[in-house]
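Participant: Build the 3D model from these lines:
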Amino acid sequence: MWGPLLGENSAVGGLPTDFPPLLPTAMKSKVALIRPYFGLLPNYFDLALQSYASNADYDWYIFIDDRSPREYPPNVFVNYTTFDCLKNRFQEHFDFPLALERPYKFSDYKPLYGHLFADYLKGYDFWGHFDPDVIFGHLNDFVSDELCQRHDKLFLKGHFSLYRNIPAVNLLYREQVAGCIDYRTVLTSERNRAFDERVDGTIAFFAARNLRTYTASPIADIYYEDYPMRLVGETSSPLEKSAKSCFAYEKGGIYRYYWRDGQVHKEEFMYIHLMRRKMDVLCGITDTYLIYGNAFREFEPITEQLLIRASRKKISYRMGKIFDRWRRTRFKYARIAWTMLFVEKDYRKFFDRLWRKSLSLLGLAVKTSVRGG
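Facilitator: Here you go, the predicted model:
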């Protein structure tokens with residue numbers, strides 16, 4: 001059950017680039033990447049696998065219950081297991097009960113993988129975690145042996161981070177740091193506490209113990225509620241790169257093409273993160289395709305017209321996202337209402353919360369509570 005079962009940049013001639021081209025170099029540091037995932041893998045997971053295969057210097061360990069037939073690359077090691085089995089494995093490391101009732105809670109365990117999966121990490125210099133909604137580019141263009149020698153942690157995001165494989169780092173989550181959340185609080189809470197990304201979580205532990213962190217973020221983290229693919233935190237101003245742009249996977253690299261000053265420009269990213277974005281696969285499993293809107297598409301010449309089409313806003317897409325959000329939250333609020341009205345029988349509290357929620361939706365400030373008579 002727990003053993004492994006399986007085991008040149010492309011450019012368009014004449015296009016200006018934001019960064020000088022980098023030649024991929026073999027990594028001397030051995031790196032293992034870990035990801036538990038339960039349920040059906042994303043419909044574009046075969047494209048993700050292709051990007052893992054292109055990064056042959058990395059070993060990818062996935063713990064899944066999705067047995068859909070796939071051809072796994074030799075550097076991807078598949079461990080078929082169940083959620084309960086993995087939960088029991090984690091529980092063996094702690095003398096208090098874990099509040100691990102749903103797979104999404106695994107996010108809080110990412111900084112612990114160096115400890116929890118230590119038997120898989122023997123012989124590796126670094127380990128890391130990643131998400132399945134990521135298509136990776138040339139990791140060696142961004143992660144060099146020099147960086148690994150100078151830092152104990154590389155990157156800050158939960159969808160991809162690397163850690164030096166030493167006890168001081170693997171057990172760092174147990175540290176008691178003033179003003180920071182304690183790991184027992186995190187692991188005994190059913191809520192996701194973002195232990196891996198919050199500023200008072202494990203990120204702060206590295207600084208408190210004089211461990212070195214590399215904080216650059218050369219990633220395409222895509223904002224999911226708009227049809228155009230713009231980066232999280234990037235505005236939709238006509239002057240922004242996202243105003244006329246699309247992404248591409250080209251022979252192992254992730255690039256953004258954008259229109260500026262009357263010509264097409266090109267920039268490289270370490271990976272593209274497609275959080276909560278439902279994607280159609282309209283291309284074959286090839287080494288070159290376009291990524292824009294809600295699909296992976298066959299490659300075609302990059303022109304201004306294509307970039308305009310790829311970045312056009314769609315009201316139907318926006319409304320669909322609003323509906324998805326409503327669908328996710330309606331059961332939550334129905335449960336709260338049921339508890340207050342029929343279990344706690346706290347009617348004044350119910351109408352007070354209803355009033356505040358209504359004002360919030362209308363964009364009005366909440367000044368006073370509803371007074372029951």
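Participant: When you work out contacts or count neighbours from here on, use the C-alpha atoms and nothing else.
Facilitator: Fine.
Participant: check contacts around the residue lying closest to Arg191 once chain neighbours are set aside.
Facilitator: The shortest distance from Arg191 to any non-neighbouring residue, by CA to CA, 6 or more residues apart in numbering, is to Lys105 (7.3 Å). Contact analysis of Lys105 by CA atoms under 8 Å, 6 or more residues apart in numbering lists Glu190, Arg191, Asn192.
Participant: cool, and Glu268?
Facilitator: Neighbouring residues of Glu268 by CA under 8 Å, 6+ apart: Phe19, Gly253, Ile254, Tyr255, Arg256.
Participant: tell me the SS of the last one?
Facilitator: Using DSSP: H, G, I helix; E, B strand; the rest coil as the criterion, the local structure at Arg256 reads strand.
Participant: Pairing partners for the residue nearest to it when sequence neighbours are not counted in the sheet, please.
Facilitator: Spatially, and ignoring its direct neighbours in sequence, Arg256 is nearest to Phe247 (4.3 Å; CA to CA, 6+ apart). Legend: beta-bridge partners of Phe247 under DSSP bridges are Arg256, Ile291.
Participant: thought Phe247 was touching Tyr257?
Facilitator: Yes. Here Phe247 reaches Tyr257: they are 6.1 Å apart, a contact under CA atoms under 8 Å.
Participant: pLDDT-wise, which helix or strand of this structure ranks last?
Facilitator: Using mean pLDDT, DSSP states H and E, helix 315-338 stands out as the lowest-scoring helix or strand of the chain, at a mean of 61.
Participant: Not counting its neighbours along the chain, what's nearest Leu40?
Facilitator: Nearest residue to Leu40, sequence neighbours excluded (CA to CA, 6+ apart): Asp66, at 5.5 Å.
Participant: Any figure for the gap between the residue most central in space within the chain and Leu33?
Facilitator: In the chain, the centroid-proximal residue (CA atoms, centre = their mean) is His159; its distance is 3.0 Å. Noted for His159: a distance of 11 Å to Leu33, by CA to CA, to the nearest Å.
Participant: who touches both of the two?
Facilitator: Residues touching both His159 and Leu33 (CA under 8 Å, 6+ apart) are His129, Phe130.
Participant: So which of the contacts of Glu268 is surrounded by the most neighbours?
Facilitator: When neighbours are counted by other CA atoms under 10 Å, Ile254 leads the contacts of Glu268 with 28 neighbours.
Participant: ok, the residue nearest to Arg256 - contacts?
Facilitator: Per CA under 8 Å, 6+ apart, neighbours of Phe247: Ile254, Tyr255, Arg256, Tyr257, Leu290, Ile291, Tyr292.
Participant: ok, 7 Å please
Facilitator: Tyr255, Arg256, Tyr257, Leu290, Ile291, Tyr292 (CA atoms under 7 Å, 6 or more residues apart in numbering).
Participant: Kindly report the same for Tyr227.
Facilitator: Neighbour list for Tyr227: Gly293, Asn294, Lys313, Lys314, Tyr317 [criterion: CA under 7 Å, 6+ apart].
Participant: Dump these into JSON lines; add neighbour count and distance to Ala178 as well.
Facilitator: Shown next, in JSON lines, are the contacts of Tyr227 (neighbours: other CA atoms under 10 Å; distance: CA to CA, whole Å):
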{"residue": "Gly293", "neighbour count": "25", "distance to Ala178": "44"}
{"residue": "Asn294", "neighbour count": "19", "distance to Ala178": "44"}
{"residue": "Lys313", "neighbour count": "16", "distance to Ala178": "46"}
{"residue": "Lys314", "neighbour count": "12", "distance to Ala178": "47"}
{"residue": "Tyr317", "neighbour count": "16", "distance to Ala178": "45"}
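Participant: Out of the residues you listed, which comes closest to Glu71?
Facilitator: Asn294 (25.0 Å; CA to CA).
Participant: For the spatially closest residue to that closest one that is not a sequence neighbour, give me the pLDDT.
Facilitator: Of all residues not flanking Asn294 in the chain, Met279 sits nearest, at 4.7 Å (CA to CA, 6+ apart). If you check Met279, the pLDDT there is 95.
Participant: Thr215 against Phe155, yeah?
Facilitator: Yes. Applying CA atoms under 7 Å as the test, Thr215 and Phe155 come out as touching, 5.1 Å apart.
Participant: For those two, indicate the residue with more neighbours.
Facilitator: Neighbour tally, Thr215 and Phe155, criterion other CA under 10 Å: the higher count belongs to Phe155, 17 against 11.
Participant: tell me the contacts of the more buried one?
Facilitator: Shown in contact with Phe155 (CA under 7 Å, 6+ apart): Ser161, Leu162, Tyr214, Thr215, Ala216, Ser217.
Participant: per-residue pLDDT, it?
Facilitator: The model's pLDDT for Phe155 equals 96.
Participant: Check Pro103 too.
Facilitator: On the pLDDT scale, Pro103 is placed at 91.
Participant: Neighbours of it, how many?
Facilitator: Neighbours of Pro103 using other CA under 10 Å come to 14.
Participant: Not counting sequence-adjacent ones, nearest residue to it?
Facilitator: Excluding the flanking residues, the one nearest Pro103 by CA to CA, 6+ apart is Phe38, at 6.6 Å.
Participant: can I assume the one you found is in contact with Asn79?
Facilitator: No. Applying CA under 7 Å as the test, Phe38 and Asn79 come out as separate, 11.6 Å apart.
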